[in-house]
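Novice: Sharing a model that was predicted from the sequence below.
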Amino acid sequence: MLERFRQFWTNVWAPLANLLLRLGVKPDHVTIVGTAGVTFGALFFFPRGELFWGVMVITAFVFSDLMDGYMARASGQSSKWGAFLDSTLDRVGDAAVFGGLVLYYASSHAESQLGPVKLYFCLALACLVLGNLTSYARARAESLGMQAKGGIAERADRLVAILVMTGFNGLLGLPFLTEITLWALALASLVTVVQRMAIVHRQAVQQPGLDG
């Protein structure tokens, strides 16, 4: 859903990306720094109960995911290594966001309005696992010469939803915002995994010899 806005935000950050290129900064550097910033924001602030500031730090770095790709294309530095690095570190950043929430609900700072805190610890963990599983399903399909892109909860949708709702939770003190989002994302991620499996199955039955 949110992929349609990718070009808009790429255009917004293009001037800064061009400046970094003129300064000799490489796309891979932006990828690494961006992931480090997201990971720090999630794993340092979330477990301390500082949800709003954690989201602010994460947001400041998350747009590097657009900038590095633009920089690679604009400078002719696109490569298989860069694509691999970007995709791998995306998983690290996503895991850090939900991992930070897992640690938050495991801490004494966590509050809950819709049920026991332990339940949301489990839901945050489910979102972490299922989110990575949706990405694995796509990567594995592509390694077999098929495609598995699609589903009701792609990466950008999941990330924006949890960051926006958790940010408002931290700002307004409304835990139910994050809690409802975790319920929705856990269910949507599970549905997305099933959808991607169905997409691959339809292709596989038309291409004998891919079983196993």
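Specialist: Received the coordinates, thanks.

Novice: So what does residue 11 look like in phi/psi?
Specialist: phi -60, psi -40 (degrees, to the nearest 10).

Novice: What is the burial count for it?
Specialist: Applying other C-beta atoms under 10 Å, we find 11 residues neighbouring residue 11. Using the backbone N, CA and C atoms, a C-beta is placed for each residue, glycine as well.

Novice: cool, residue 169 as well?
Specialist: 22.

Novice: Please identify which helix or strand holds it.
Specialist: Assigned by DSSP states H and E, residue 169 belongs to helix 155-172.

Novice: for residue 136, same thing?
Specialist: Counting by DSSP H and E, residue 136 is found in helix 117-143.

Novice: likewise residue 68?
Specialist: helix 64-75.

Novice: What residues of that helix count as buried?
Specialist: 64-72 (16 or more other C-beta atoms under 10 Å).

Novice: any idea how far the closest residue to residue 69 other than its chain neighbours lies from residue 21?
Specialist: Nearest in space to residue 69, with sequence neighbours left out and distances taken as C-beta to C-beta, 6 or more residues apart in numbering, is residue 86 at 6.9 Å. Counting by C-beta to C-beta, to the nearest Å, the separation of residue 86 from residue 21 is 16 Å.

Novice: Assign residue 147 to helix, strand or coil.
Specialist: coil (DSSP: H, G, I helix; E, B strand; the rest coil).

Novice: Buried residues, the helix or strand residue 91 falls within. List them.
Specialist: Here residue 91 sits within helix 80-105, counting by DSSP H and E. Across helix 80-105, burial judged by 16+ other C-beta under 10 Å covers 82, 85-86, 89-91, 93-105.

Novice: How about residues contacting stretch 184-200?
Specialist: Contact with stretch 184-200 is made by 123, 126-127, 130-131, 133-134, 137-138, 141, 144, 146-148, 150-154, 157-158, 161-162, as judged by C-beta atoms under 8 Å, 6 or more residues apart in numbering.

Novice: Report the buried members of the residues you listed.
Specialist: 123, 126-127, 130-131, 134, 137-138, 141, 146, 148, 151, 153-154, 157-158, 161-162.
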